[in-house]
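Student: Kindly return the folded structure for what I paste below:
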Amino acid sequence: MDGEAPKGFRPLVPPAGVADPAALHRHGLELITAANRLALAWMREATEQHSAFTRRALADMTANARQLAEAADAGDQAKLVLDALARAQESGVETARAITGLMQRIQEDSADLVSRAVPKA
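Tutor: Have a look, this model is predicted:
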């Protein structure tokens, strides 16, 4: 680097008119802490959703394999495969809805945090 500040860089100093720079600093730390807590909660929920989906998918695959192994003929096997595909599609839609719900909560939580971070004019 040539020692110059990148374009758009602003030093992290309190704006003019701030009576208590320490309070501003505490507020910034509180916001960072709140953002980290939100991110951790989102990751925990996403991990739990993924684990539940994986457990359900493995249980379904195991049940499908058992049923196929016990099927009497090719016609029964075809019917079982079609039923399994229908259940898989339903599960996929359910999973997509859960992910969409999580994404909506993330957006709402983020907007709420930003609204608390930016002082009212």
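
Student: how far away is residue 95 from residue 66?
Tutor: Residue 95 sits 23 Å away from residue 66 when distances are taken as C-beta to C-beta, to the nearest Å. Where C-beta positions appear, they are placed from N, C-alpha and C, glycine not excepted.

Student: the more surrounded of the two?
Tutor: Between residue 95 and residue 66, counted using other C-beta atoms under 10 Å, the more crowded position is residue 95 (16 against 10).

Student: my read: the more buried one touches residue 53, true?
Tutor: Yes - between residue 95 and residue 53 there is a contact under C-beta atoms under 8 Å: 5.4 Å.

Student: remind me which residues of this structure are low pLDDT?
Tutor: The model of the chain has pLDDT under 70 over residues 1-16, 18, 119-121.

Student: all helices of it, in order?
Tutor: Remark: helices assigned in the chain by DSSP state H are 21-70, 74-117.

Student: next one: the last one to chain centre, how far?
Tutor: Okay, so that is helix 74-117. Distance, stretch centre to chain centre, for helix 74-117: 12 Å (C-alpha atoms, centre = their mean, to the nearest Å).
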